[in-house]
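okay, sequence plus prediction incoming.
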Amino acid sequence: MTEYEICPMTAEVEMDEKGYVHWKSWHETYAGLMPQAYLENITLEKCVKMAHKWPQNTLLLKVHGKSVGFACVGKSKDTDGADEIVAIYLLREYQGMKLGYALLKEAVTRLAGSHKIVLWVLQGNDRAIRFYQKFGFAFNEKEKQLPFGTELQMEMIL
């Protein structure tokens, strides 16, 4: 497996890197799954701005010192009493190397003490759905309509 480190995001340069990973991974992941016009509105500048605005509870996955993935965790706004993996993304060139598994495992570890962890996945994102299911997440029948499509909620009971 590739050598990597997972650490909390703290520095300004890390926020810039997280913004890039956010932007690039959205375009890699969601092309063909959401309207192109919506996707084109997700700019690098917007993603960097979000990273600087909400740096808390963000884990970066770095390979050779370069941020290639991230996960954000926190309390769920949609499910009472649950914690949530708010976002988890990995650049396509680093997928299939067990790095996503390591990042998800660390995010779950950071939520230790929770009785339930939820996450949302875009309907049709079959690769992500299989990934979460292998980790132990299952659909719980909740969904929400968003401008870019339908998100389905998955949960893991601990």
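Sure thing, it's come through. Residues are numbered from 1 along each chain as shown.

give me the local confidence score for the residue located most distally from the centre of the chain.
Within the chain, the residue lying farthest from the chain centre (CA atoms, centre = their mean) is Ala37, at 21.7 Å. If you check Ala37, the pLDDT there is 92.

now do the SS call for it.
Here Ala37 is recorded as helix under DSSP: H, G, I helix; E, B strand; the rest coil.

how much space separates it from Pro147?
From Ala37 over to Pro147 the distance is 10 Å, taken as CB to CB, to the nearest Å. All C-beta spots, glycine's among them, are computed from the backbone N, C-alpha and C.

so who does the residue farthest from the centre of the chain touch?
Applying CB atoms under 8 Å, 6 or more residues apart in numbering to Ala37 gives no contacts.

tell me where the protein has strands.
5-8, 58-63, 66-75, 83-90, 116-122, 138-146, 149-157 (DSSP state E).

could you pull up the mean pLDDT of the last one?
Here the mean pLDDT over strand 149-157 is 90, rounded to a whole number.

now for that strand, which elements pack on it?
strand 116-122, helix 126-135, strand 138-146 (3 or more CB pairs under 8 Å, 6 or more residues apart in numbering; DSSP states H and E).

tell me what angle the second one forms with strand 116-122.
Spelled out, it's helix 126-135. Angle, helix 126-135 to strand 116-122, by axes from the mean of the first three to the mean of the last three CA atoms, to 10 degrees: 160 degrees.

which helices and strands sit right next to helix 126-135?
Here helix 126-135 touches helix 99-110, strand 116-122, strand 149-157, going by 3+ CB pairs under 8 Å, 6+ apart.
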